[in-house]
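Participant: next input, structure requested:
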Amino acid sequence: MVLDPEESCEGREADALVSTVPGAPLAVFSADCALVGLASREGVVGAVHVGWRGLLAGVLERTAATMGSLGATGIAAVVGACIGPECYEFGEADLAPIEVRYGPSVSSRTSAGLPALDLRAGVHRALETAGVRVATDYARCTACDPGWFSWRARRDSGRHALVVVTAP
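Facilitator: Next comes the predicted model:
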């Protein structure tokens, strides 16, 4: 969703927000999915919630392309904590199309040896495909690292937030 200067997104739901409005904050929330903040020198910013479905649908690539259509060049990303493969059991049938799209690095094993999705690896591959540089990665597992919310591991109702603001 691209926000116009006069438009509010309060109460709306989307996996990705893009803005060129100076000082306008964008926020996305998650418990186990990846949160990715995107910014360019030109003042175009994006905030993206990336679960496995969004990853497979190309939400990161589409967001970077939208930012580019608004004049962004040299986009940099901050990748937040997300569930790690050691805790993210994933059906092989659901994993197969993600592996076809992003390569074998997205396939992993849980700590119990079961098939798993490496969501962080998928996010990195998608950003690389989109020409986005990862500036910072908070490589923490929301399920097993203390201090993070996890719906999958503990049914936590709390959520993490990522807020991106264009400089005024």
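Participant: tell me the strands beside the helix or strand hosting Leu38, with direction?
Facilitator: Using DSSP states H and E, Leu38 maps to strand 34-39. Using DSSP bridges, strand 34-39 pairs in its sheet with strand 45-50 (antiparallel), strand 76-79 (antiparallel).
Participant: which of those strands is buried the deepest?
Facilitator: Across those, averaging neighbours per residue (mean count of other Cβ atoms under 10 Å) puts strand 45-50 on top, at a mean of 26. C-betas here are computed from N, CA, C, even on glycine.
Participant: after that strand, which helix or strand is next?
Facilitator: Note on strand 45-50: by DSSP H and E, the next helix or strand toward the C-terminus is helix 52-57.
Participant: count the neighbours of Val123 for me.
Facilitator: 27 (other Cβ atoms under 10 Å).
Participant: tell me the contacts of the nearest residue in space to Val132 that is not next to it in sequence?
Facilitator: If the residues on either side of it in the chain are set aside, Val132 comes closest to Ile75, at 4.6 Å by Cβ to Cβ, 6 or more residues apart in numbering. Each residue near Ile75 by Cβ atoms under 8 Å, 6 or more residues apart in numbering is listed here: 38-40, 44, 64, 67-68, 130-133.
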